[in-house]
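In: make a model of this:
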Amino acid sequence: MTDRLSSLTDGYATGMLSLFPEALDDFDSLYKATNNSKIPLKQSLTFRGNRIIVQDTSAFPSTGIVRVGPDVGLAGDYEMIFYGKKTNNTFENLQRGFAGSVHRNWSTTNTFVSNAVLAEHHNAIKDALINMEIDCGIKEFPSAESLNGILKSQETRFLAPKPIFRAFPIKGPPPLNVRFQNFYTGHIGRFLWDFGDGGSSLEKSPNHTYISEGTYTVKLNLVSPLGGQGIVTKIGYIQVNIEESLPYFYVESIDNPYSQKYATEHNVQPKQFVFVDQSDGDIVQRNWIFGDNYKYTEEDPDVHQIKHIYETEGEYVVTELIQFANGRIKRVELPEPIYVI
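Out: Prediction:
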């Protein structure tokens, strides 16, 4: 026989009694308790008896606690007994002397078996708990109208990080080395990158090499120190194709990078920068942007280079827009700016 748990037991904590011998309540059985479930004891119950025999058990739950003793309201001892199963006329798998009541022999004379739970109290408490759960919201996936749901919505709106990133290049033949640049500036606990090809990274702005051809979706998940999460997904962002050649140009030696102004003041020759395009494909036009508000369009596809003199000193970013016969335009920049004195 399992020892009966009571509030005087060493180690007792609030709530333990409701779990003895196991948690039985669930939403499907909350309202099986009914008032005035009572029936006479049909056969005496001895001190060591493990079965309560009555005329009919249909008014009682399939498992629960019954009160054995004088009719409710009359003086005298009674015993609270837990039963683990029932038949049409018996309560079985008993735990005797439950809840601090008297454990003794019971004759059939003026002895009744009644429901130990008052339905109104039982159901009112359960109703209150269910309403609290609905209004406050469960821990995981709370309803939007609950308090927890509203708080989670506001947390997502105001506290969750909002990731922003871009990559270069996003197209090219394999192996394609791509640099991902993260522009989020808030406080972050972790960066979680998913490059779409099975690769991942925890760096803020990682590099990743795509080995195989394909179209890849990239995800960035930011986790704040408070546990807030922000996710951005770029579908089909990286395209790796053997036919996707990368545009490329370079500048010839830039020794003595004199501007026209500097050359005039010091009686020297200005630097004539020579830019050489090395891009492949059916090119029909090259558009050069020198970074000093001067642009030039070369419509002869066989002319791969252009020369340019800068009027004044400065730092200039040179860009080339290449137009192909199929109408596509590719943009490419020098890896480093040009410094002119």
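
In: going forward, measure contacts and count neighbours with C-alpha atoms only.
Out: Will do.

In: just read off the phi/psi values of the residue nearest the centre of the chain.
Out: By C-alpha atoms, centre = their mean, the mean C-alpha position of the chain lies nearest to residue 229, the distance being 7.1 Å. Phi and psi for residue 229, reported as degrees, to the nearest 10, are phi -130, psi 140.

In: surely it and residue 220 touch.
Out: No - taking C-alpha atoms under 8 Å as the definition, residue 229 is not a contact partner of residue 220, at 10.3 Å.

In: pLDDT value on the nearest residue to the residue nearest to the centre of the chain once chain neighbours are set aside, please?
Out: Closest residue in space to residue 229, ignoring its immediate chain neighbours: residue 223 at 4.6 Å, by C-alpha to C-alpha, 6 or more residues apart in numbering. Looking at residue 223, its pLDDT reads 84.

In: count the residues that sit near residue 223.
Out: Applying other C-alpha atoms under 10 Å, we find 21 residues neighbouring residue 223.

In: could you verify my assumption that it touches residue 193?
Out: No - if you go by C-alpha under 8 Å, residue 223 and residue 193 don't touch, sitting 11.4 Å apart.

In: distance of the residue nearest to the centre of the chain from residue 154?
Out: Plainly put, residue 229 is 13 Å away from residue 154 if you go by C-alpha to C-alpha, to the nearest Å.

In: same check on residue 81?
Out: Applying C-alpha to C-alpha, the value for residue 81 to residue 154 is 50 Å.

In: in this protein, where is pLDDT below threshold?
Out: 1-36, 99, 116-127, 155-159, 226-227, 243-244 (pLDDT under 70).

In: mind doing that once more with 80?
Out: Along the chain, the model assigns pLDDT under 80 to residues 1-36, 72-73, 97-100, 116-135, 137-142, 152-161, 185-189, 224-228, 242-246.

In: could you pull out the helices for it?
Out: 119-136, 147-158, 260-266 (DSSP state H).

In: got the CA positions of the last one in CSV?
Out: Going back to what we said before, that points to helix 260-266. Provided in CSV are the C-alpha atoms of helix 260-266 (Å, rounded to 0.1, in the frame of the first residue of the first chain):
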residue,chain,number,x,y,z
GLN,A,260,45.1,68.8,-63.4
LYS,A,261,45.1,71.5,-60.7
TYR,A,262,48.2,70.0,-59.0
ALA,A,263,49.9,69.6,-62.4
THR,A,264,49.3,73.2,-63.3
GLU,A,265,50.5,74.6,-60.0
HIS,A,266,53.7,72.5,-60.0
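
In: excluding chain neighbours, what is closest to residue 50?
Out: Going by C-alpha to C-alpha, 6+ apart, residue 50 has residue 94 as its nearest residue, at 5.7 Å.

In: now that neighbour, which residues is it bridged with?
Out: With DSSP bridges as the criterion, residue 94 is bridged to residue 83.

In: shouldn't it be in contact with residue 86?
Out: No - using C-alpha under 8 Å, residue 94 is not in contact with residue 86; the gap is 10.1 Å.
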